[in-house]
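[1] Need coordinates for the following:
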Amino acid sequence: MARYTGPKTKISRRFGELITGNGKWLTKNSNPPGQHGANKKRKTLSEYGVQLKEKQKAKYTYGLLERQFRKTFEEAARKKGVTGENLIKLLEARLDNTVYRMGIAPSRQSARQLVSHKHITVNGAIVNIPSYSCKPGDVIGLKNKTAANTSITGTLRGKNPKFSWIDWSETDMKGTFITYPERESVPENIKEQLIVELYSK
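    Have a look, this model is predicted:
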């Protein structure tokens, strides 16, 4: 299962915002990575460079590599509606992202691990595919044995109330993917139109 395994803080420093990791070095050293830090003269990005950087930001945010990201984009382009918004909806509907949004895991990386290690169920059946696309009405929960594991349940942080497209019950250890989110409800700082323009070249 392909995924990014390199240094996480370096990615956040490259974009100047929290993408992966805990972001503690962003306040201490917010310069882009490199030997010369703030003293290095950096070129102004071309239009293509700006678009490419936005695509890379989206890939790192949701934990996808190029092949899977492009496949998701092509699926978004086939759907009715605005391609950029469809892309964000499909990324948000991924099972690992949904587990993260529900507060079951503290990060998308942790959520991906829970899914791939068969701790997560969808509609009562174990699903170990992080890229599984949730459909409205799908019930996501913890496997019974996992729900009794305090080392996992101890990291539950609860759903953020602003994520209105999902529901989570800590009592039942289950949640529901209610609907695909509207773009304005997704807090990620991604300019999806730039990604559309890049793939349209």
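[2] and K118, what is it in contact with?
    By C-beta atoms under 8 Å, 6 or more residues apart in numbering, the contact set of K118 is 126, 128, 143. For the C-beta atoms, the positions are set from N, CA and C on the backbone; glycine is no exception.
[3] cool, and V99?
    Listed by C-beta under 8 Å, 6+ apart, the contact set of V99 reads 105, 111, 114-115, 120, 140.
[4] Secondary structure class of it, three-state.
    Following DSSP: H, G, I helix; E, B strand; the rest coil, we place V99 in the helix state.
[5] what's the closest non-adjacent residue to the residue nearest to the spatial centre of the chain?
    Residue closest to the mean C-alpha point of the chain, counted by C-alpha atoms, centre = their mean, is Y62 at 2.9 Å. Of all residues not flanking Y62 in the chain, L91 sits nearest, at 4.9 Å (C-beta to C-beta, 6 or more residues apart in numbering).
[6] The one you found sits in which helix or strand?
    Taking DSSP states H and E as the definition, L91 sits inside helix 83-92.
[7] Share the number of residues neighbouring T179, please.
    T179 has 14 neighbours, counted by other C-beta atoms under 10 Å.
[8] right, and it touches P136 too?
    Yes - in terms of C-beta atoms under 8 Å, T179 counts as a neighbour of P136; the distance is 4.8 Å.
[9] quick revisit: shouldn't the residue nearest to the centre of the chain be in contact with L90?
    No - contact criterion C-beta under 8 Å: Y62 and L90 do not qualify, at 9.8 Å.
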